[in-house]
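Chemist: coordinates for the following, if possible.
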Amino acid sequence: MKKLFPWLTFFLLVLNIFIFMPALTVNGEVVNADELEIKNVIIGAVTCNDWMQAKSPDKVKEILSKYYTGVKLTENTNSVWRFIKEPTDYYWVTSVDNCRLIYLSMDEVLVVVDIISTDITSGEEDKGKGVFTVAKTNSGWKISDESYHW
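Modeler: Predicted structure coming up:
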């Protein structure tokens, strides 16, 4: 029994690591690594404004490809490039709150978030909802569809 005890202890330690390692705590909420990646993709897509400095459609696509895939990547690349080419006085910052995930399958998740856009010159806020379909791709979780409801 004495020789078995160290091996049993080691086995239980390894078992605990594999059971609890995939789970992380975010703001007191336990999430697994996929959920954390999905939430980060949504937050990144909604709050990213790096694309405003892009000098070409290829650079826009490179930036947006961190968050989007497929047709949605193409659509957003085209619309963002059109926006960049026009003079603008865009002074809004956007944040995400209450990110809720609904698994449609192991490879597709519906995500509903509250979105707050704030005009940094006046403090005016617009609040709405974002609904995203997020798909598991070879390069991680990416947004394949989105809609906004203000």
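Chemist: please count neighbours and contacts with C-alpha atoms only from this point.
Modeler: Will do.
Chemist: what about stretch 68-87, average pLDDT?
Modeler: Averaging pLDDT along stretch 68-87 gives 96.
Chemist: oh, I was asking about stretch 33-41
Modeler: Stretch 33-41 carries an average pLDDT of 96.
Chemist: would you put the C-alpha positions of that stretch in PDB?
Modeler: C-alpha atoms of stretch 33-41 as PDB (Å, rounded to 0.1, in the frame of the first residue of the first chain):
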ATOM      1  CA  ALA A  33     -11.100  28.200 -23.100                       C
ATOM      2  CA  ASP A  34     -13.500  28.200 -26.100                       C
ATOM      3  CA  GLU A  35     -15.900  30.500 -24.400                       C
ATOM      4  CA  LEU A  36     -13.200  32.900 -23.400                       C
ATOM      5  CA  GLU A  37     -11.900  32.900 -27.000                       C
ATOM      6  CA  ILE A  38     -15.400  33.500 -28.400                       C
ATOM      7  CA  LYS A  39     -16.000  36.400 -26.000                       C
ATOM      8  CA  ASN A  40     -12.700  37.900 -26.900                       C
ATOM      9  CA  VAL A  41     -13.500  37.600 -30.600                       C
END
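Chemist: quick one, phi/psi of the most centrally placed residue in the chain?
Modeler: The residue lying closest to the centre of the chain (C-alpha atoms, centre = their mean) is residue 41, at 1.7 Å. When read as degrees, to the nearest 10, the backbone of residue 41 gives phi -60, psi -50.
Chemist: mind listing what it touches?
Modeler: 66-67, 141-143 (C-alpha atoms under 8 Å, 6 or more residues apart in numbering).
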